[in-house]
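A.B. asks: 3D, please:
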Amino acid sequence: MSEARAGERLLRNRPAARRLHAGLYLLVLALLASGIAVLGEGIRPLEGVFGGHVASARAHRALGYALIGAAGLVAMARPRAAGRFLAESVRFRRSELRWFASYPVFVLRPSRHAPARHEGHFDPGQRLFNLAVVAALLALSATGVLMSFPRAFVPAVFAWSLRIHRVATWVFVAAVAGHLLVASGALRAYRGVWRAMHGGGRVRREVAERLWPAWAERAERED
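C.D. replies: Purely as a prediction, here's the structure:
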């Protein structure tokens, strides 16, 4: 690859996608903070940010409904995009098992190794992240709604909803932490990837060809 081509950037995410990501990012952070604040007996420093235990619980409930509403609006306003996201996230190919085998070496020595080729818009690791987040959010939404009406169900329903809500919370936190680690560029293998969502939506051609080869080829043809 020539130096001129190596310096080129491919558009990974358009402005609308980046704005949606930023809005959901801020909403989810506030939701996580308010939810963690009221865990167990409550975490007073975090509760103080929201005005106390009761206010934190109310904020958490309101933010939860806001996230459910936002997801519903996106699904109704952009059904094709939502469908593509889900379709790309659930589609795994047998040949992509090699990607998982090659991934640890790539992360440790990115200058000498590249991950095995995959064919999707998302790499297999991103697909697992997407599925974990969607599953966790569905569980959090369903149990959160149930717990909003404690008198409508027997106590056992509330107790099990709370248990599932807590487990789903930590699954979600772990997934988001991994996502932030990759997106931050702290790993050498992912230097510059943050630009795909926060820096104009474009990534260097060589980065795209290494991480998303099939998408990069399609983007080059459309460019």
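
A.B. asks: So which residues of the protein form strands?
C.D. replies: Here the chain has its strands, by DSSP state E, at 9-11, 202-204.

A.B. asks: will you turn these into TSV that also has mean pLDDT, mean neighbour count and distance to residue 220?
C.D. replies: Quick note: C-beta positions are derived from backbone N, CA and C, even for glycine. Below are those laid out as TSV (pLDDT from 0 to 100; neighbours: other Cβ atoms under 10 Å; distance: least, Cβ to Cβ, whole Å):
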stretch	mean pLDDT	mean neighbour count	distance to residue 220
strand 9-11	91	18	7
strand 202-204	91	19	13
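
A.B. asks: out of the ones you listed, which comes closest to residue 31?
C.D. replies: Closest of these to residue 31 is strand 202-204, at 28.6 Å (criterion: Cβ to Cβ).

A.B. asks: Distance from the chain centre to that closest one, please.
C.D. replies: 20 Å (Cα atoms, centre = their mean, to the nearest Å).

A.B. asks: Please report how far residue 110 lies from residue 182.
C.D. replies: To residue 182, residue 110 is 12 Å away according to Cβ to Cβ, to the nearest Å.

A.B. asks: With residue 172 instead?
C.D. replies: Counting by Cβ to Cβ, the gap from residue 172 to residue 182 is 16 Å.

A.B. asks: hey, which helix is longest across this structure?
C.D. replies: What stands out as the longest helix in the chain, according to DSSP state H, is helix 155-184.

A.B. asks: That helix - what's its average pLDDT?
C.D. replies: Averaged across helix 155-184, pLDDT comes to 92.

A.B. asks: per-residue confidence for the closest residue to residue 23 other than its chain neighbours?
C.D. replies: Setting aside the residues directly before and after it, residue 23 is nearest to residue 70 in space (Cβ to Cβ, 6 or more residues apart in numbering), at 7.5 Å. pLDDT, residue 70: 93.
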